[in-house]
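Undergrad: would you be able to build a 3D model of this:
(one chain, ligands or ions: 1)
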Amino acid sequence: MVKAFAPGKCILFGEHAVVYGHPAVAVAIDSGVEVELTESDSWTIEGMPFHSEKHPHISHILNDVFEYGGRPLKIAIESGLFSAAGLGSSAALSNAMGAAVLRMMDANAELDSIKLARIGHAAEAKAQFGRASPTDTATSALGGCVVVSGEQVEGTEHIFDATLHTPEGERKWSVCQVDLPSDLDAWLVLGFTGIGSPTGEMVAGVAKLLEEDPSKHQEMDSIAMITQAGLTALGAGNLEGVGMAMDACHEKLQNIGVSSPELDALVEAVRPHSIGAKLTGAGGGGCMVALTKFPQRVAEAIEVAGGTPLISRLGADGVRILS
Ligand code: PMV
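TA: Numbers count the residues shown, from 1 in each chain. Coordinates of the predicted model:
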């Protein structure tokens, strides 16, 4: 039996602008997805017969990547993430599955997080018709704080380049990491609206808005500037600066139409107890995130306002084998 875990992620700055080559900053969160593989007499997943066409990520990893030819597997999955909420649950599943299969096939295999990030990205792309940024898979595999951009951002450490052949041509990203100060005295509290976040639809909506009103490109440039300021503040442990950048980022995301009344309500509800707050991910639904020194109070405020809270440290460890 092999058990592996990979964390989810939260985008602190740069969502949507990253689609246009600007940087995005994401951190791994404490919650994630656990995959347990046990050799068995028949292929099952979650106690049901396993049909590969229903699980494109998993079958890609088993068949295309590892060419698994061993005994049938009983696949058990446990997720601590809200799904379709912008927390990278499918990337975490791909990474945990990749790590578990690797260890199942070779008990002495070293976990290479860059290799797993690449495998996870390819699995995501396969499941999403060729379109997937490496943000979720890289953050979940590497852990900590990850910066994904068209080109390397100053003050970050370059980890690897990711390329993908998409229906629109080849796309390339630089995946970098930033060391977070170890003594950051603050927590992230995510608040789920209970409504799914349709990433593809939201990205398409922004593209339409920019086409109809090119002056909105200024909002993207502003998000890029805020992202840089937030990243500098984060690296220096300047929590007030990070919070100000989060608040400013939320306003810009509202201006490009990706917030929602539910997200705005949760953001407003946490402000009295937070250093900064914003929607996170594609928007339209999904989650908001607050930076705070009072995580329990923020969690209560989210609950009172109708959301579901999830408390995390900033920058958890990446993919790992549990047993
Ligand atoms: O899927 P989400 O909610 O984590 O959002 C992804 C971030 C976007 O910038 C909106 C899309 C992308 O591909 O980077």
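Undergrad: and the residue of the stretch 51-200 of the chain found nearest the ligand, what does it touch?
TA: Here the stretch 51-200 of the chain gets closest to the ligand at one residue, G86, 2.9 Å apart by Cβ to the nearest ligand atom. Bear in mind the C-beta positions are built from the backbone N, C-alpha and C, glycine included. By Cβ atoms under 8 Å, 6 or more residues apart in numbering, the residues touching G86 are C10, I11, S197, T199, T280, G281, A282, G283, G286, C287.
Undergrad: quick check on the nearest residue to it once chain neighbours are set aside: phi, psi?
TA: In space, and not counting its chain neighbours, G86 is closest to G281: 2.3 Å by Cβ to Cβ, 6 or more residues apart in numbering. Note on G281: backbone dihedrals following degrees, to the nearest 10 are phi 90, psi -150.
Undergrad: where do the strands sit along the chain?
TA: Applying DSSP state E to the chain gives strands spanning 2-13, 24-39, 44-45, 48-49, 73-79, 145-149, 157-166, 169-178, 187-192, 276-280, 287-292, 308-312, 320-321.
Undergrad: now mean neighbour count, mean pLDDT and distance to S94 too, for the ones you listed, in TSV please.
TA: Below are those laid out as TSV (neighbours: other Cβ atoms under 10 Å; pLDDT from 0 to 100; distance: least, Cβ to Cβ, whole Å):
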stretch	mean neighbour count	mean pLDDT	distance to S94
strand 2-13	27	98	8
strand 24-39	23	98	9
strand 44-45	16	98	14
strand 48-49	9	96	20
strand 73-79	18	98	11
strand 145-149	25	96	16
strand 157-166	15	90	14
strand 169-178	17	91	16
strand 187-192	26	98	21
strand 276-280	29	98	20
strand 287-292	29	98	20
strand 308-312	20	98	20
strand 320-321	16	96	15
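Undergrad: what's the closest of those strands to I223?
TA: Of all the strands of the chain, the one in closest proximity to I223, counting by Cβ to Cβ, is strand 2-13 (7.5 Å).
Undergrad: quick one: E110 from L102, how far?
TA: Counting by Cβ to Cβ, to the nearest Å, the gap from E110 to L102 is 9 Å.
Undergrad: okay, the two: which has more neighbours?
TA: A direct count of neighbours by other Cβ atoms under 10 Å for E110 and L102 places L102 higher, at 22 against 8.
Undergrad: name the nearest residue to the more buried one, ignoring sequence neighbours.
TA: Distance criterion Cβ to Cβ, 6+ apart; nearest residue to L102, sequence neighbours excluded, is A109 at 5.0 Å.
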